[in-house]
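> Below: sequence and its predicted model.
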Amino acid sequence: MNFMTGLVVGALLSGVAGWYLLDQQAQEPIRFPTYQLLDLGDYVRMEGSLVGGENKPVNGFYSVQCYEGRMECDITSMSEIGHNYLGMFDQATLPVSTWTESAIRMTSKDLALVGNACNFYEIFIDRESKTATYTRRPSEQAPDDCAERFEERVMRWQFADGFAWAD
């Protein structure tokens, strides 16, 4: 094989390998940080993605910081709204209804009633097993058109590593 033939074959192989690697990178989903829970007694921080359940949740990330002194949790979330496109940060502060050595429970029900929302959510942190769940529930005082926009049933997911870490 002469020099020019080797150069052409090498360039062709490099081009194919480069195309393949770029295509693989383009198909890669956004990888949010892995699941973690920090429990300091009067301060609990949990971060992770929603996984499991009957309906697959959107690839997203939640950060939940709970303060026993305030009996509130600050929640920040963001989601992949399209392939490799992030939506805006969503922030909320929820009152804590239960704070014990074994569990923390918070709900957006009071906020849903004020905003006349179709549904509300609850977050439950099991401090003993270091697990957390997210449950969406239909609101009893929801507007009439909610059935057209949302499934009016209870949906439950767990906080864990996002789906991109499972592959």
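Looks like it arrived, so ask away.

> What segments of this structure are helices?
3-27, 109-115, 146-149 (DSSP state H).

> where among these is the average confidence lowest?
Mean pLDDT is lowest for helix 3-27 out of those, coming in at a mean of 58.

> Just to check, Ile123 is in contact with Leu94?
Yes: the pair Ile123 and Leu94 passes the contact test of CB atoms under 8 Å, sitting 7.4 Å apart. The C-beta positions use only the backbone N, C-alpha and C, and glycine is treated the same way.

> in this structure, which segments are predicted with low confidence?
Within the chain, the set of residues satisfying pLDDT under 70 comprises 1, 3-4, 6-27, 112-116, 165-167.

> Kindly recompute the last result at 90.
1-33, 52-60, 79-90, 108-120, 136-155, 161-167 (pLDDT under 90).

> quick one: the strands in it?
Ranges of strands in the chain, per DSSP state E, are 36-39, 43-51, 60-67, 72-82, 85-86, 90-99, 103-107, 119-126, 131-138, 155-160.

> Please produce CSV containing these, extended by distance to Glu28 and mean neighbour count.
What follows is these, written out as CSV (distance: least, CB to CB, whole Å; neighbours: other CB atoms under 10 Å):
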stretch, distance to Glu28, mean neighbour count
strand 36-39, 22, 14
strand 43-51, 16, 21
strand 60-67, 16, 19
strand 72-82, 11, 16
strand 85-86, 13, 12
strand 90-99, 24, 15
strand 103-107, 33, 19
strand 119-126, 29, 20
strand 131-138, 25, 19
strand 155-160, 20, 18
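
> Mind checking those for the one nearest to Asp144?
strand 131-138 (12.8 Å; CB to CB).
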